[in-house]
Each structure stands twice: as C-alpha cells, then as structure tokens.
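Sequence and predicted structure below; questions after.
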Amino acid sequence: MNITSKESTLVRERKSNIELLRIISILLVMALHADYLALSPPSQSEISTTLGTAFARGYVEGLSCVCVNVFILISGWFGIHLKIRRIFELIFQIWFISFVVLGILWFAGLTGEIGVKEWINLLLMKSGGYWFVRAYLLLYIFSPILNAFVENSHQQLIKNTLISFYIMQTVFGFYNSDVWFSEGYSPLSFMGLYVLGRYMKLYPNKWMENKPIIDIVIFFTISAFTTVCALALTSLFPKGATIMFLYSSPFVITASIFLFLSFTKITMHSRVINWIATSSFAAYLVHCFPYFFQPYYLDLIKHWYDTKHLIIFFMLSFCYIIVIFTLSIILDKVRIIVWNRFVNMFL
C-alpha cells in the first residue's frame, strides 16, 4: 500500500501544542538529571525511614523519564525530511554553544587546562551527556529509509514489525539490558520509536481517541505505578531502583505515548511558545556540557540536597533549571543570528 498521497496532506507546521511539548520535554530532561542522576536513587534504608520523600523523588523520576521518548515520538509523528544543511546547522549549534560555555567557564576560572584529547572529544561530541546527539544524528541519517518503509508497506506489516520489535526490546533491552538496545539509549531504540510515531499519525486507532484529560490521567497513573514498582523492587536486587525507569521500559514507553497523545489533541497558537521552542534544545546542550554538567549541575544540586531543607532544595533546583533554560534560549538566539549571517555569506 502506497501512502504517498496520504502523507502529502501532512504538512509540517509549527503547532504550538507540540512546540510546548518540546519545551516540556527539555525541562523534564533537566529534572531527570537533577533527580536520580544527581542524588542517586533512594536506598532501602531511605525507603523504610522516609517513604514519602523516597516516593516523591521516585515519582519525579517516573514523570521525567518519558522526556527522550516523547522527543523522538514528535519526530516520528511529523516525519524527518533529511537535509544536509540541517545536519551542518545542528553540528554548528553544538560547537557554538560548547565553545561559548567553555569560554565563559574558562574566563571565570571554573575550568582547568584542556588537552588535545579533550578538544577532540568536544569536537566529536563524545564527552558529557551528548550521547543523545550522536544517536539522533544516526536516526536523522536513516530517516529516509524508515520513511520509505512506512510509506510503501501495508499497515499490517508495519504493525507486525512494531510488535516484534518491542517484544525483542522488552526481552533484550529492558529485562536483560543488552548492549544492542543500550537500555533505550541507542539509535536502534530511536528508530523503533520513530516508526511508532509515524504509525500512530498515519493509522489512528480507537485507543488514541481519548480526551486529552484522560490521556494525562493515564500518564500520571502509569508513572505512579512505575514508581511503586521501582521502590518495591529496590529491596530485591540492586538495579531495582532504576530498571523500571529505563527508556526501553514498556511502562515508560506507554506513559510517553499517552503524554504525547494528550498534546496532539490540544489546539493552540502562540508565537512566544514557538519562539522559545525553536531554541529549547540549547538548554540540553548547555546543562549537559561536559565541563559544566558534573561540577556545576549534578554536584551543585547534590550539595543543596545534602545541606538544605527539602522545600528549599526543591525551590533552588526549580529556579536553577529555569535560569539555565532561559539563558540557553538567549544564547541560542545569538547562535541563530550568527548562523544566518554565515549562510548568507557563504551558502
């Protein structure tokens, strides 16, 4: 079945409801890093003595861990159209932000000497939390093949492929945490989510027709269930605290789907939201920058958790995330100006 004509009606527009979801996804990434990654998961003793705090931290993790999956579902829903210029623009964005942040840290005396190896790692995006960039670039490159498969295959074939893929990923990428799927941190997992997003867009089903509020309730309920299971499993084996929150977890994927679907059913238009969303990815690049991420994000948040009252800790962390997000947007707007001038001069 060829669906080219059907696909031609799916014009890529900047819909503010989805752009808002992009913003939320980036903020959830920052919240995710500020939780278990910075503070470590609740221990058995913490769960037994301060169950409320342990559940609250676990629930933040459960709500936030959908961030990457949602981002890829958005790409699948609208479809990626491979453009070499867009690849160069993305690389320019990463290098521009990396060098500016590094310059600020160096000028402020907050980083030491950087050797040749470290410079190479920066240029190749091998340092810090930039794993997403490398995985997404591979998805971007393979997107024409994935698009061709969806556009030229029968619905049942795509459905069977997705079912088979997620059975495999659940067995080998969730239960066994095999290196092929890398717990959902791999281009292979991204490709599965991308095809799933395309499939949901082109072949809507009855279970996708809930009202947005129902989808949101399902999202919060699944996240709560995942949190309870994670806390319960902590007493059984060491990885129990985190395995339920893997990107490849079927519970996380299901929660991601319903959060995503809830936003597809909202109609809104806001130039402000669209303006912010076009630069929201910069917040990921800034806070995950290798010479900033550990000492001035994770360690600082951990210090607040260890030394401040819980309410003060939440307030400080929330404000810190918002400040970093806001400054990142401003920095990226400068990057856009520089890129546009470069394009006009040389391309």
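Received it, and whenever you're ready, just let me know what you need. Residues are numbered from 1 along each chain as shown.

Which residue ranges of the stretch 151-300 of the chain form helices?
Taking DSSP state H, counting those that start in this stretch to define them, one finds helices in the stretch 151-300 of the chain at 155-169, 187-202, 212-234, 240-243, 250-264, 271-277, 281-287, 290-293, 299-307.

and Thr111, which of the ones you listed is closest to it?
Closest to Thr111 of the helices of the stretch 151-300 of the chain is helix 290-293 (CB to CB; 4.8 Å). For the C-beta atoms, the positions are set from N, CA and C on the backbone; glycine is no exception.

deepest of the helices of the stretch 151-300 of the chain, which one?
Greatest average neighbour count among those goes to helix 281-287 (a mean of 25), per mean count of other CB atoms under 10 Å.

Any figure for the gap between Lys159 and Tyr296?
Distance of Lys159 to Tyr296, given as CB to CB, to the nearest Å: 46 Å.

go on, Val150?
Separation of Val150 from Tyr296 (CB to CB) stands at 42 Å.

Ile18 too?
Here Ile18 is placed at a distance of 31 Å from Tyr296 (CB to CB).

So for these two, which residue has more residues nearby?
Neighbours were counted for Ile18 and for Tyr296 using other CB atoms under 10 Å; Ile18 has more, 20 against 17.

Just list what the helix or strand where that one lies packs against, helices and strands only.
According to DSSP states H and E, Ile18 maps onto helix 16-32. Secondary-structure packing of helix 16-32 (3 or more CB pairs under 8 Å, 6 or more residues apart in numbering; DSSP states H and E): helix 51-64, helix 67-78, helix 250-264, helix 271-277, helix 281-287, helix 310-346.

Save the ones you listed as JSON lines, and put in mean pLDDT too.
Below are the helices and strands packed on helix 16-32 laid out as JSON lines (pLDDT from 0 to 100):
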{"stretch": "helix 51-64", "mean pLDDT": "93"}
{"stretch": "helix 67-78", "mean pLDDT": "96"}
{"stretch": "helix 250-264", "mean pLDDT": "96"}
{"stretch": "helix 271-277", "mean pLDDT": "96"}
{"stretch": "helix 281-287", "mean pLDDT": "96"}
{"stretch": "helix 310-346", "mean pLDDT": "94"}
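
May I have stretch 183-191 exported as CSV, CA atoms only?
C-alpha atoms of stretch 183-191 as CSV (Å, rounded to 0.1, in the frame of the first residue of the first chain):
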residue,chain,number,x,y,z
GLU,A,183,18.6,0.4,27.8
GLY,A,184,16.9,2.7,25.2
TYR,A,185,20.0,4.9,24.7
SER,A,186,20.6,3.6,21.2
PRO,A,187,19.8,4.6,17.7
LEU,A,188,18.0,1.3,17.3
SER,A,189,15.6,2.2,20.1
PHE,A,190,15.1,5.7,18.5
MET,A,191,14.3,4.0,15.2
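
for that stretch, the distance to its chain's centre please.
Centroid separation for stretch 183-191 versus its chain: 12 Å, with CA atoms, centre = their mean, to the nearest Å.

cool, stretch 182-197 as well?
With CA atoms, centre = their mean, you get 12 Å for stretch 182-197.

now Leu105, nearest residue through space, not along the chain?
Nearest in space to Leu105, with sequence neighbours left out and distances taken as CB to CB, 6 or more residues apart in numbering, is Thr111 at 4.3 Å.

Please disregard the earlier target; I meant Tyr59.
Thr227 (4.8 Å).

Okay, the one you found and Phe258: tell me how far apart.
From Thr227 to Phe258 the distance is 16 Å (CB to CB).

Find the residue at the geometric middle of this structure.
In the chain, the centroid-proximal residue (CA atoms, centre = their mean) is Val68; its distance is 2.4 Å.

so where's this protein shaky on pLDDT?
Counting by pLDDT under 70, the chain contains low-confidence residues at 1-13, 127-128, 177, 238-240, 347.
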